[in-house]
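Engineer: show me the folded form of this:
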Amino acid sequence: MSVELNHTIVHARDNRESAEFFTDLLGLEITGEWGPFVAVALSNGVTLDFATVPAEHLTPQHYAFLVSEAEFDAAYEKITARGIEHWADPHQKRPGEINRNDGGKGVYFLDPSQHAMELITVPYGGRPNP
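Structural biologist: Numbering: from 1, shown residues only. From the prediction side, this is the model:
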């Protein structure tokens, strides 16, 4: 059997708020709820299980998502329409821009729990998005 990532727990100030922010931005749906988790399934079968944790246990992480050009454009339209602060780079030196790294598009922004989110249309190194 090959090794695959099945799920990861994403700590949040408010699990529902973070899950809804994510699903709304990317046109996804909440796919399950149990215990402290609000789950969102990605197209490759991995789930993000959002869990509310106390603020002192919340450590911002980085999550990068490979999306199609159409998905990127739809999400970026929502980012700009809602006035969500965003950058072309992870160091936040190019505000209000996207990047064109590896022949695709990319953008960085923060979710409600201050996790650094990244959308890219081409993986690092320039391999095409299947």
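Engineer: who does the residue nearest to the spatial centre of the chain form a beta bridge with?
Structural biologist: Nearest to the mean C-alpha position of the chain, by CA atoms, centre = their mean, lies residue 117 at 4.5 Å. Counting by DSSP bridges, residue 117 is bridged to residue 63, residue 109.
Engineer: contact partners for it?
Structural biologist: Residue 117 makes contacts with 22, 62, 63, 64, 65, 108, 109, 110, 111, as judged by CB atoms under 8 Å, 6 or more residues apart in numbering. Placement of C-beta: from N, CA and C, glycine included.
Engineer: elements contacting the host helix or strand of the first one?
Structural biologist: Going back to what we said before, that points to residue 22. Element membership for residue 22 (DSSP states H and E) is helix 15-26. Helix 15-26 is packed against strand 7-12, strand 30-34, strand 37-41, strand 47-52, helix 69-81, with contacts defined by 3 or more CB pairs under 8 Å, 6 or more residues apart in numbering; DSSP states H and E.
Engineer: any idea of the mean pLDDT in that helix?
Structural biologist: Per-residue pLDDT over helix 15-26 has a mean of 98.
Engineer: got the CA positions of that helix in PDB?
Structural biologist: What follows is helix 15-26, C-alpha atoms only, in PDB (Å, rounded to 0.1, in the frame of the first residue of the first chain):
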ATOM      1  CA  ASN A  15     -13.900  25.600  14.000                       C
ATOM      2  CA  ARG A  16     -17.100  26.500  12.200                       C
ATOM      3  CA  GLU A  17     -15.900  30.000  11.200                       C
ATOM      4  CA  SER A  18     -12.700  28.700   9.800                       C
ATOM      5  CA  ALA A  19     -14.300  25.800   7.900                       C
ATOM      6  CA  GLU A  20     -17.000  28.100   6.400                       C
ATOM      7  CA  PHE A  21     -14.300  30.700   5.400                       C
ATOM      8  CA  PHE A  22     -12.400  28.000   3.600                       C
ATOM      9  CA  THR A  23     -15.400  26.300   2.000                       C
ATOM     10  CA  ASP A  24     -16.900  29.500   0.800                       C
ATOM     11  CA  LEU A  25     -13.600  30.800  -0.600                       C
ATOM     12  CA  LEU A  26     -12.900  27.600  -2.600                       C
END
